[in-house]
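A.B. asks: Sequence first, then the predicted structure:
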There are 2 protein chains.
Amino acid sequence: MIEFLSVTKALSDESRARLLMALAGGELCVCQLVELVGLAPSTVSKHMLILKQARLVEGRKCGRWIFYRLAKRNVPQISLSAQKWIGKSLRDDPTILRDRSRRAKILELDAEELCRKQSRRTVRKLPSTTGERPRQSDSLN
Amino acid sequence: MIEFLSVTKALSDESRARLLMALAGGELCVCQLVELVGLAPSTVSKHMLILKQARLVEGRKCGRWIFYRLAKRNVPQISLSAQKWIGKSLRDDPTILRDRSRRAKILELDAEELCRKQSRRTVRKLPSTTGERPRQSDSLN
DNA sequence: CTATTATTCCGTTATATGGCGAAATATAAA
DNA sequence: TTTATATTTCGCCATATAACGGAATAATAG
């Protein structure tokens, strides 16, 4: 019951639903999520903690960045089924569709920024673009 | 999105989850639900309104009683899938299992005794168990 | 080392929510 | 009619929550 309520409470906020759906397209770092929903970083951070505690997302630390993505490993059944349910329920939601195109634009902006920084060399500086670029499209539907 | 949040908010409270799961076994009137969760009638009534607005349950008026049951007709897809999801998720939950046996005992009780227990006032006769007795077992799994 | 940057943690504030009891409503019985 | 009663609505209170700004933390840059 506690797990169930943790999940439903996590899902019962519009910002968190949008954040979760954004990750369905692939992992994003906090600053990208902040850009997407237009809330203060501290607010987004707290939302991500709630989603993480519900085992709906997981974080991957990479240098100064933390990339969040849909939880995949060692995930309780209830969180998995919740991921599927919200994915199916909000797939065609207007707000989510709008976020999806905003998300694409954010990724473009970030790509330019990352490339500019990368011209200064060093692999460590750019964790995501060098080596493995964060996978997109994580499925949630 | 509004519908989605209406449903998830409705599901994100333990009392409401218990009330909804209780109806999976068949319709119940408010006084029976009050007995089950041990909250004030006004509180249960408010919970049922929230569940009704989420289109998860529907009410059937029968004399002075109102029987609630899982919503079945003209129900939005999201509410239907939510019914299935919560049913699957909480089917074996300890609290829900305990409620299930409590529910059975409540059904055994005479309606007269049950209502007297709640009103705590004068002993009274009861408006008959005449007519139709509510159907049991509504499925939610 | 210090400075900068991304994120999280802390404290505060405004609003939302869950709970109750009393009053209102609607229906059945006397 | 009047009385009884099952349920809802209203008013209130205590707690929970979402939002922010700023301090603290962690990692890189100079």
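C.D. replies: Noted; the coordinates are in hand.

A.B. asks: can we go C-alpha only for contacts and neighbour counts from here?
C.D. replies: Noted.

A.B. asks: Give the burial count for A:R64, as a bare number.
C.D. replies: 9 (other CA atoms under 10 Å in any protein chain shown).

A.B. asks: again with A:S81
C.D. replies: Around A:S81 there are 15 residues (other CA under 10 Å).

A.B. asks: Which residues does the helix or strand it falls within contact?
C.D. replies: Per DSSP states H and E, A:S81 falls inside helix A:77-90. Helix A:77-90 is contacted from outside by A:3-4, A:7, A:21, A:24, A:54-56, A:96, A:140-141, B:1, B:4, B:78, B:81-82, B:85, B:89, using CA atoms under 8 Å, 6 or more residues apart in numbering or on different chains.

A.B. asks: Tell me the gap between stretch A:36-50 and the middle of its chain.
C.D. replies: Mean-position distance between stretch A:36-50 and its chain equals 11 Å (CA atoms, centre = their mean, to the nearest Å).

A.B. asks: Just want the most central residue of chain A.
C.D. replies: In chain A, the residue lying closest to the centroid (CA atoms, centre = their mean) is A:L23, at 3.5 Å.

A.B. asks: Now the closest residue to A:T8 other than its chain neighbours: phi and psi?
C.D. replies: Distance criterion CA to CA, 6 or more residues apart in numbering or on different chains; nearest residue to A:T8, sequence neighbours excluded, is B:S12 at 4.8 Å. Main-chain torsions, B:S12, degrees, to the nearest 10: phi -90, psi 30.

A.B. asks: show me what contacts B:S12?
C.D. replies: Shown in contact with B:S12 (CA under 8 Å, 6+ apart): A:5-6, A:8-9, A:12.

A.B. asks: for A:A54, same thing?
C.D. replies: A:A54 makes contact with A:3, A:6-7, A:10, A:79 under the criterion CA under 8 Å, 6+ apart.

A.B. asks: Ok, A:L20 next?
C.D. replies: A:51, A:56-57, A:70.

A.B. asks: rewinding a little: in ChimeraX, select just the buried ones from the contacts of A:A54.
C.D. replies: Selecting only the buried entries of the contacts of A:A54 in ChimeraX, with 16 or more other CA atoms under 10 Å in any protein chain shown as the criterion:
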select /A:6,7,10,79
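
A.B. asks: quick one: which of the contacts of A:A54 is nearest to A:V44?
C.D. replies: Minimum distance to A:V44 across the contacts of A:A54 is 12.9 Å, recorded for A:A10 (CA to CA).
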